[in-house]
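Visitor: Take a look and give me a structure for this.
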Amino acid sequence: NNSSQLSSLPLQILLYINGIYYIFYFLATLAMIIYKSQVFSYPDDLLAPDLAVLFLMAILEVPRSYLGFKGNLTEAEGPLGLSLGLTVGSVVLSVYLLLWQAYVLWADVLLNALLLSAYGLESGLKVTAIAAFVS
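Guide: The predicted structure is shown next:
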């Protein structure tokens, strides 16, 4: 039956919410890194890597999100699979900011826990959508 719709509404909604949350996440994390660099004796050799990870994550977020939207709406497993791969990269960078940045505040833990939960849920929905598309 060619008229059946396979794209996932929950995935589309989550991609949209994650897009908005990521903007908040990025700005809040950037503000906290600036705050920490002013208030604490932030080691000079750690400030650049922490900022680089945040900006790399922001750069990854654009194609990750775009491919997720496109793959879901066009019911194409390729873009959705690429988005899933980029999500793995984003998860690694988020874990870095959660565990290994110079100073981890409770707000960092909260922001990253929310982001990682959203990535986890989104990944599950992507895998489900890919399975529906290929079947």
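Visitor: What about Ile130, how many residues nearby?
Guide: 21 (other CB atoms under 10 Å). The way it works is simple: take the backbone N, C-alpha and C, and place the C-beta from them, glycine included.
Visitor: buried set for the helix or strand where it lies?
Guide: Using DSSP states H and E, Ile130 maps to helix 106-134. Across helix 106-134, burial judged by 16 or more other CB atoms under 10 Å covers 108, 111-112, 115, 118-119, 122-123, 125-126, 129-130, 133.
Visitor: tell me the SS of Ser41?
Guide: Here Ser41 is recorded as coil under DSSP: H, G, I helix; E, B strand; the rest coil.
Visitor: what about it, distance to Arg64?
Guide: Ser41 is 35 Å from Arg64, where distance means CB to CB, to the nearest Å.
Visitor: Of the two, give the one with the bigger neighbour count.
Guide: Arg64 (26 against 9).
Visitor: gap between the helix or strand that the more buried one is a member of and the chain center?
Guide: Per DSSP H and E, Arg64 falls inside helix 44-73. Offset of helix 44-73 from its chain centre (CA atoms, centre = their mean, to the nearest Å): 7 Å.
Visitor: how many degrees apart are it and helix 106-134 in direction?
Guide: Calculated by axes from the mean of the first three to the mean of the last three CA atoms, to 10 degrees, helix 44-73 forms an angle of 30 degrees with helix 106-134.
Visitor: what helices or strands is helix 44-73 leaning on?
Guide: If contacts are counted by 3 or more CB pairs under 8 Å, 6 or more residues apart in numbering; DSSP states H and E, helix 44-73 sits against helix 9-39, helix 77-99, helix 106-134.
Visitor: switch to 7 Å and redo it
Guide: helix 9-39, helix 77-99 (3 or more CB pairs under 7 Å, 6 or more residues apart in numbering; DSSP states H and E).
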